[in-house]
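I'd like to go over a predicted model; first the sequence, then the structure.
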Amino acid sequence: MNSGTGDGGGGAGAAEPSRSGSPGEDGFAPSALGTREHWDAVYERELQTFQEYGDTGEIWFGEESMDRLIRWMQNRKIPLDASVLDIGTGNGVFLVELVEDFLNLSTKLSGFHICIDKGTFDAISLNPDNAIEKRKQYVKSLSGALNVKGFFLITSCNWTKEELLDEFSEGFELFEELPTPTFSFGGRSGNSVTALVFQKT
């Protein structure tokens, strides 16, 4: 659970336990969810389902997540010809929505104005083979793909705002926190996801 208190929980309890049942040194238990093989199999099944039934598959964090990101881009008057990278695009539903509702289609890859992540960083964090190093490589690759002053929009179910600020402290600054649905339990309120906008410095 992403708590509004920033207690550093990081949602580690939501991860599948490792074979030994103990979390890694970063607090996350390794999981098949952190492997490329898992996601290749998931999207192979989704492709087959789409071909057989026309079902586009899972929309990570729901349609509200897509709408939240598109509203942010519209409110910030992001140019229609902005280059957007959907990191870990999955089944591509979000990109289709962007092109249909907001952006003009472009084939230019001269650096990205916006990079969007809806769960890929979460999955990398669960990788059983040196997740800490893989997260560092993710940040480095993101920095190389994004233009200076470009925006990085991340939605996470495993990381709190404070933890994401720490993970992306080098080369990025917090631009805005996007509102996400809240819930109350046991007299405390929190969010099941965190949605932040960083700007590359």
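Now that the structure is in, tell me what you want to look at. Residues are numbered from 1 along each chain as shown.

which other residues reach the top helix by length along the chain?
In the chain, taking DSSP state H as the definition, the longest helix is helix 36-53. Helix 36-53 is contacted by residues 32, 55-58, 88, 90-91, 123 when judged by C-beta atoms under 8 Å, 6 or more residues apart in numbering. C-beta here means a position set from N, CA and C on the backbone, and glycine is covered the same way.

how distant is it from the center of its chain?
Between the centre of helix 36-53 and the centre of its chain there are 20 Å (C-alpha atoms, centre = their mean, to the nearest Å).

quick one on the thing from earlier: could the contacts of helix 36-53 go into JSON lines alongside neighbour count and pLDDT?
Output for the contacts of helix 36-53, formatted as JSON lines (neighbours: other C-beta atoms under 10 Å; pLDDT from 0 to 100):
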{"residue": "32", "neighbour count": "14", "pLDDT": "88"}
{"residue": "55", "neighbour count": "11", "pLDDT": "84"}
{"residue": "56", "neighbour count": "13", "pLDDT": "81"}
{"residue": "57", "neighbour count": "16", "pLDDT": "78"}
{"residue": "58", "neighbour count": "14", "pLDDT": "79"}
{"residue": "88", "neighbour count": "16", "pLDDT": "82"}
{"residue": "90", "neighbour count": "20", "pLDDT": "79"}
{"residue": "91", "neighbour count": "19", "pLDDT": "77"}
{"residue": "123", "neighbour count": "21", "pLDDT": "93"}
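
which helix or strand in this protein has the lowest average pLDDT?
None of the helices or strands of the chain scores lower by mean pLDDT, DSSP states H and E than strand 2-3, at a mean of 42.

so what's residue 104 up against?
Residues in contact with residue 104 (C-beta under 8 Å, 6+ apart) are 80-81.

what helix or strand does it sit in?
Residue 104 belongs to no helix or strand when assigned by DSSP states H and E.

per-residue pLDDT, it?
With respect to pLDDT, residue 104 scores 73.
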